[in-house]
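K.L.:
Below is the sequence, then the predicted model.
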Amino acid sequence: MSNNLADASKEKGIRYFLISFTDLFGVVRSKLVPAAAITGMQKDGAGFAGFAAHLDMTPADADMFGLPDSEKLIQLPWKPEVGWLPSDIYLDGKIVEHGPRTVLKKVLADAEAKGYLVNTGVECEYFVLTSEGTAVSDAADIQPKPCYDQQALMRRYDLIAEICDYMQTLGWAPYQNDHEDANGQFEMNWDYSDALTTADRHTFFKYMVKTVAECHGFRATFMPKPLPTLTGNGCHAHVSVWSRDGETNLMEDKHGELGLSELAYHFIGGLLKHAASIAAVTNPVVNSYKRINAPRTTSGATWSPNTVTYSGNNRTHMIRIPDSDRIEVRLADGAANPYLLQAVLIGAGLWGVENKTDPGKRLDIDMYAEGHKVRNAPKLPLNLLDALRGFKQNKTLRELLGAEFADSYFKLKLDEWDQYMQHFSEWERKNALDV
C-alpha cells in the first residue's frame, strides 16, 4: 500500500479520512478530512485545540497537530469510503510527550534498544445493552451461569458475525467469539501482533464494536462494571518478549519451570513489583475498583484479581501462565487506554528483566476460596485515589513512561477523582440524612 494518502484514496476509493488521536482518558478525538485535502494534512497534520481534550494543556496553548501514521491506515469495512488514521500529536513543532501513543512508542524504542521486540494480544470484553444503556439488551439472557451459552450467543449472531467479518476483512485473523460470564457480555479474540499494532487495533476495535452495536439498535460498553451483580469487563493482555528480529521467543525455555525462561519470570517479577502503581493505568476510572474488589457475582466468581499474585494455568490470580510461550496479565479492565495499557505492562515487565526481579513463589491455589490463607500477599488498591497515590510515588514508572506523562496523567486523573467526590449519591442520603 502506498504511504501517499492521496494515492491511497484513489486506489481504495476513500472519500474521507478520520485523523484520530487518543487522549489520556482513552477518548478518541478525530477530524474528518476530505480526500482532496489529505496531502496537506499528511504533511502538516490536522489541527486540534489540546485543552478541549483530556490533555495537560490550557486554552492559551497554540494549535496542536495530529500527524497521521499512513502505514496504519484502516479502511472502515462498513463504510469503505472512510479511512481511519491513528496520529501522533505535536505542539509548537515538538512531539507532545504525554500523548498516549507517544508514551508507548517511547517504551517500545527503549525495548528495541535493549534488543527486544514485544508482541501482545488483548481480550476485550464488552456488554451489549439496550439503547438507553440501562439493561442487558437480550431479555432472555438470564441464566445464572451464562458463559458460552449457545442460545444467547446465537441470538446476537448478526451483531457478532458482522464484527468478526470486518476483522477478517481487515486481516486481523480473528479466531473465536463467545458469550462471556455475565448476561449480555461477549468477547472476541484476534491474533497477536507487535504492541503498537495491537494498541491501534484495540482502539479501532472499541470504535467498531460501539458503531456496529448502534446500527443494530443497541449500546455496547467496555465499562469495567456496568451492572452491579454481574461479572465486569476485563481486558486481559497476553505478552511475549522476542529477539529484536522477531525470530526467537525469549519467554520460552523447554527446561524452565512450566516451559518459561528466566527472562519470563523476571518480567513477571517486574509486573508484581509495580502492580499497585500500574493499577492507576490499567484500571483508570472510579468504576474500575468495583470490578477488581467486587463481591461474588451471580455466576459464582468475579474472574478478577484483588491480590498481587501469579500462578500457572489458574484464572484466580493477577498473572496466569496459560502456556509456555507467553504470560497473561488479568489486571486491566475495559476502560484501560489501549496505548497506555501496553506501555505500562511492557515498561514494568522489562524493568523486571533488567533488574532480574524475582517474582517469588508461584501460587497454585484457588485465590477466591483460599486466598485468605496466603500471608503477606499484597492487595491491589481499593479505589482510584489509592492507585493514583501509588503511581505518583513510583519513581521507576515515572522514568519508564516519561516525567511529562506521569505528571500530566496524575494531575488530570486527580481532577477526575475530585469531581467524583463532589458528586452526591442517593446512598449517602439514605445512610447519612438522619445521623
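P.N.:
On my side now, so go ahead. Values in this document were obtained by computation on a predicted structure and should not be read as measured data.

K.L.:
helices and strands of the chain: which one has the lowest mean pLDDT?
P.N.:
helix 367-370 (a mean of 93; mean pLDDT, DSSP states H and E).

K.L.:
how about that one: buried residues?
P.N.:
Residues of helix 367-370 classed as buried by neighbour count (16 or more other C-beta atoms under 10 Å): Met367, Tyr368. Just so you know, the C-beta spots here come from the backbone N, C-alpha and C atoms, and that holds for glycine as well.

K.L.:
elements contacting the next helix or strand after it?
P.N.:
Next in sequence after helix 367-370, counting helices and strands by DSSP states H and E, comes helix 384-393. Contacts defined by 3 or more C-beta pairs under 8 Å, 6 or more residues apart in numbering; DSSP states H and E place helix 384-393 against helix 275-282, helix 403-421.

K.L.:
Render the CA-only coordinates of helix 384-393 in PDB, please.
P.N.:
Taking C-alpha atoms only, helix 384-393 is exported to PDB below (Å, rounded to 0.1, in the frame of the first residue of the first chain):
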ATOM      1  CA  LEU A 384      -8.700   5.000  42.200                       C
ATOM      2  CA  LEU A 385      -7.200   7.500  44.700                       C
ATOM      3  CA  ASP A 386      -5.100   4.800  46.300                       C
ATOM      4  CA  ALA A 387      -3.900   3.700  42.900                       C
ATOM      5  CA  LEU A 388      -3.100   7.300  41.900                       C
ATOM      6  CA  ARG A 389      -1.100   7.900  45.100                       C
ATOM      7  CA  GLY A 390       0.900   4.800  44.400                       C
ATOM      8  CA  PHE A 391       1.500   5.900  40.800                       C
ATOM      9  CA  LYS A 392       2.600   9.300  42.000                       C
ATOM     10  CA  GLN A 393       5.200   7.900  44.400                       C
END
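
K.L.:
Can you show me the helices along the stretch 51-200 of the chain?
P.N.:
100-113, 150-155, 157-169, 195-215 (DSSP state H, counting those that start in this stretch).

K.L.:
For Pro295, which of those is the nearest?
P.N.:
Minimum separation from Pro295 across the helices of the stretch 51-200 of the chain (C-beta to C-beta) falls at helix 150-155, 23.9 Å.

K.L.:
Show me which positions of the closest one end up buried.
P.N.:
Ala152, Leu153, Arg155.

K.L.:
and which of the residues you listed is nearest Gly256?
P.N.:
Closest approach between these and Gly256, by C-beta to C-beta: Leu153, at 37.6 Å.

K.L.:
Quick check: buried residues in stretch 78-92?
P.N.:
Residues of stretch 78-92 classed as buried by neighbour count (16+ other C-beta under 10 Å): Gly83, Trp84, Leu85, Pro86, Ser87, Asp88, Ile89, Tyr90, Leu91.

K.L.:
My understanding was that the second one contacts Leu76; is that so?
P.N.:
Yes: counting by C-beta atoms under 8 Å, a contact exists between Trp84 and Leu76, whose distance comes to 6.3 Å.

K.L.:
any low-confidence regions in this structure?
P.N.:
1-2 (pLDDT under 70).

K.L.:
can you list the helices of the stretch 51-200 of the chain in JSON lines and add distance to Gln143?
P.N.:
Below are these laid out as JSON lines (distance: least, C-beta to C-beta, whole Å):
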{"stretch": "helix 100-113", "distance to Gln143": "38"}
{"stretch": "helix 150-155", "distance to Gln143": "7"}
{"stretch": "helix 157-169", "distance to Gln143": "18"}
{"stretch": "helix 195-215", "distance to Gln143": "22"}
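
K.L.:
burial of Lys210, as a residue count?
P.N.:
Residues near Lys210, counting by other C-beta atoms under 10 Å, number 16.

K.L.:
now it, nearest residue through space, not along the chain?
P.N.:
Ala220 (4.9 Å; C-beta to C-beta, 6 or more residues apart in numbering).

K.L.:
For the one helix or strand the one you found maps to, give me every contacting residue.
P.N.:
Using DSSP H and E, Ala220 maps to strand 219-221. Contacts with strand 219-221, where a contact means C-beta atoms under 8 Å, 6 or more residues apart in numbering, come from 126-133, 137, 209-210, 212-214, 233, 334.

K.L.:
Specify which member of the residues you listed is nearest to Phe391.
P.N.:
Of these, the one sitting nearest to Phe391 (C-beta to C-beta) turns out to be Gly334, at 19.6 Å.

K.L.:
can you pull the contacts of the closest one?
P.N.:
Contacts of Gly334 (C-beta under 8 Å, 6+ apart): Cys124, Glu125, Tyr126, Thr221, Phe222, Met223, Pro224, Gly232, Asn233, Gly234, Cys235.

K.L.:
hmm, 7 Å instead?
P.N.:
Counting by C-beta atoms under 7 Å, 6 or more residues apart in numbering, Gly334 makes contact with Cys124, Glu125, Tyr126, Phe222, Met223, Pro224, Asn233, Cys235.

K.L.:
now those residues as JSON lines including neighbour count?
P.N.:
JSON lines is the format used below for the contacts of Gly334 (neighbours: other C-beta atoms under 10 Å):
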{"residue": "Cys124", "neighbour count": "22"}
{"residue": "Glu125", "neighbour count": "24"}
{"residue": "Tyr126", "neighbour count": "24"}
{"residue": "Phe222", "neighbour count": "21"}
{"residue": "Met223", "neighbour count": "21"}
{"residue": "Pro224", "neighbour count": "27"}
{"residue": "Asn233", "neighbour count": "28"}
{"residue": "Cys235", "neighbour count": "26"}
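
K.L.:
Any chance of a markdown table for these, columns distance to Leu400?
P.N.:
As requested, the contacts of Gly334 are exported to a markdown table (distance: C-beta to C-beta, whole Å):
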| residue | distance to Leu400 |
| --- | --- |
| Cys124 | 25 |
| Glu125 | 27 |
| Tyr126 | 29 |
| Phe222 | 26 |
| Met223 | 28 |
| Pro224 | 24 |
| Asn233 | 27 |
| Cys235 | 20 |
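
K.L.:
quick one: which of those residues is nearest His372?
P.N.:
Pro224 (24.4 Å).

K.L.:
Find the nearest non-adjacent residue to the closest one, please.
P.N.:
Asp333 (3.9 Å).

K.L.:
before we move on, back to that, which element is encountered next along the chain beyond the strand holding Ala220?
P.N.:
Sequence order places strand 235-243 as the next helix or strand after strand 219-221, per DSSP H and E.
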